[in-house]
Structure formats: structure tokens, C-alpha cells
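Asker: give me a model of this one.
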Amino acid sequence: MTLQHPADRGGDKRTWFARLAEHASNFTSSPAFFGVCLALVALVVTAHAMKLPDEWLLLAGESMTAVTLLLLALLKNSERRAEHVIQRKLDAIAAALLEMQEKKPGQALENLRSAIRMEEET
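Answerer: A predicted model of the protein is given here:
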């Protein structure tokens with residue numbers, strides 16, 4: 001198991017986990033997922049109101065805990081990817097500004113161009 005930054009894993013090619021995390025992130029920010037969460041909360045409230053057996057209450061509570069844990073992992077992954085993209089863009093901007101100030105053409109301007117749409121690649 002490697003402990004690399006999520007954006008560095010897989011090189012330039014997006015891994016299956018990166019694609020899964022992006023799709024999951026898109027789904028969890030949708031109205032459909034809000035409806036699923038609302039239904040889950042309604043299930044817990046209903047289970048308590050109807051005084052269902054402890055097994056049902058435990059199932060409802062564990063379902064909410066599992067969803068919370070998955071969302072936490074997804075949020076952290078998205079945060080780290082965004083952090084990496086922002087840092088690479090800032091580095092590219094700084095290098096391009098230095099090249100422009102020194103009036104020496106180099107690779108920095110091309111790196112800046114490629115960094116502009118980086119969030120779509122990671």
C-alpha cells in the first residue's frame with residue numbers, strides 16, 4: 001500500500017478509484033442523494049416513534065453511520081485532490097511570472113497552460 005497524495009497515484013492516467021470518487025462526489029451533491037439521506041433519517045425517526053425492536057433501531061443507526069463514514073472518506077479524497085491541483089496551478093503561475101520577468105522563454109508558460117484544466121484530469 002502506498003501513502004502517496006491521491007492526485008499523484010496512477011501518474012497521468014486516472015485510476016478506477018479516481019473515477020469512482022468523482023462519480024460518487026457528483027452523486028452525493030445531487031438532489032437524489034439528499035432524498036436518500038432524508039429517507040434514511042425518516043426511517044430512523046419512524047423506527048423510534050413506532051418503538052420498533054432494538055434490531056431495527058440498530059440497523060437504522062448503523063446505516064447512517066456507514067453513510068457518514070463513506071462521505072467522510074469521499075470528502076477527504078476530494079479535498080486532497082483539489083489541494084494538489086491548486087498547488088500545481090500556483091507553482092505554474094509563479095514559474096511563468098518569473099520567466100516573464102526575466103524575459104527568458106521556457107517551459108513554464110506551457111506548464112501553466114496545461115495546469116489550467118488540471119481539475120478535470122485528476
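Asker: show me what the longest helix along the chain is packed up against.
Answerer: When the chain is scanned for its longest helix (criterion: DSSP state H), the result is helix 54-102. The contact analysis (3 or more CB pairs under 8 Å, 6 or more residues apart in numbering; DSSP states H and E) places helix 54-102 against helix 16-28, helix 31-49, helix 108-115. All C-beta spots, glycine's among them, are computed from the backbone N, C-alpha and C.
Asker: now do the contacts for Asn111.
Answerer: 92, 95-96 (CB atoms under 8 Å, 6 or more residues apart in numbering).
Asker: center of this structure, which residue is that?
Answerer: Ser78 (1.9 Å; CA atoms, centre = their mean).
Asker: picking up where we left off before, nearest to Glu22, of the contacts of Asn111?
Answerer: Checking the contacts of Asn111 against Glu22 with CB to CB, the nearest one is Ala92 at 22.4 Å.
Asker: ok, now which ones touch that closest one?
Answerer: 108, 111-112, 114-115.
Asker: quick one: pLDDT of the residue nearest to Ser78 when sequence neighbours are not counted?
Answerer: Of all residues not flanking Ser78 in the chain, Ser25 sits nearest, at 5.4 Å (CB to CB, 6 or more residues apart in numbering). On pLDDT, Ser25 comes in at 82.
Asker: tell me who's in contact with Leu43.
Answerer: Going by CB under 8 Å, 6+ apart, Leu43 touches 60, 63.
Asker: rerun that using 7 Å as the cut-off
Answerer: Neighbour list for Leu43: Ala60 [criterion: CB atoms under 7 Å, 6 or more residues apart in numbering].
Asker: quick check: it vs Pro31, distance?
Answerer: 19 Å (CB to CB, to the nearest Å).
Asker: also Ser63?
Answerer: Ser63 is 20 Å from Pro31, by CB to CB.
Asker: pick out whichever of the two has more residues nearby.
Answerer: Ser63 (13 against 7; other CB atoms under 10 Å).
Asker: my guess is the more buried one contacts Cys37, does it?
Answerer: No. Ser63 sits out of contact with Cys37 when judged by CB atoms under 7 Å, with a separation of 10.6 Å.
Asker: which residues do the two both contact?
Answerer: By CB under 7 Å, 6+ apart, Ser63 and Cys37 have no common neighbours.
Asker: lovely, talk soon.
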